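*Asks:* Any chance you can model this:
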Amino acid sequence: MFLRFFPDHKWFCEAVFIQHKTNTAAHLRGILSLVEVYPHETLVLAFAAARECNTYSHRFIRGVLEAKGICEFTKGPDPYKSNGSPYFHRWTSQVGADLGIYQDVLEAAR
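*Replies:* This next block holds a predicted model:
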């Protein structure tokens with residue numbers, strides 16, 4: 001099912017399996033539940049952030065999306081810290097969610 005939505009992201013499925021052998025399906029189902037709320041392109045950016053951080057789970061993907069941005073690692077000193085790290089990260093794009101699904105739930109509950 002995951003590969004039907006994201007056919008170019010077999011690597012992500014494999015990475016989830018490597019990190020979560022006993023509950024791979026639960027993580028992929030959790031990510032697929034986000035398809036209803038977040039745009040496809042935004043999820044793809046979150047997968048790239050997961051690859052950059054080598055963390056593959058539905059919690060990480062949800063956290064990136066709920067933080068309303070995608071973390072990007074940039075070479076150079078962090079302008080906000082004086083530790084001189086060769087890399088720093090910054091949030092590069094705002095993420096929007098389609099909250100219409102929640103509106104539908106609220107209206108159905110009336």
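*Asks:* Just give me the longest helix of this structure.
*Replies:* Taking residue count as the measure and DSSP state H as the definition, the longest helix of the chain comes out as helix 40-53.
*Asks:* What are the buried residues along that one?
*Replies:* For helix 40-53, the neighbour count (16 or more other CB atoms under 10 Å) marks Thr42, Leu43, Leu45, Ala46, Phe47, Ala48, Ala49, Ala50 as buried. In short, each C-beta sits where N, CA and C put it, glycine included.
*Asks:* helices and strands around the next helix or strand after that helix, which ones?
*Replies:* Towards the C-terminus, the helix or strand next in line after helix 40-53, according to DSSP states H and E, is helix 58-66. In terms of contacts (3 or more CB pairs under 8 Å, 6 or more residues apart in numbering; DSSP states H and E), helix 58-66 is packed against helix 24-33, helix 40-53.
*Asks:* hmm, 10 Å instead?
*Replies:* Contact here means 3 or more CB pairs under 10 Å, 6 or more residues apart in numbering; DSSP states H and E; on that basis helix 58-66 packs against helix 10-19, helix 24-33, helix 40-53.
*Asks:* No further queries at this time; thank you.
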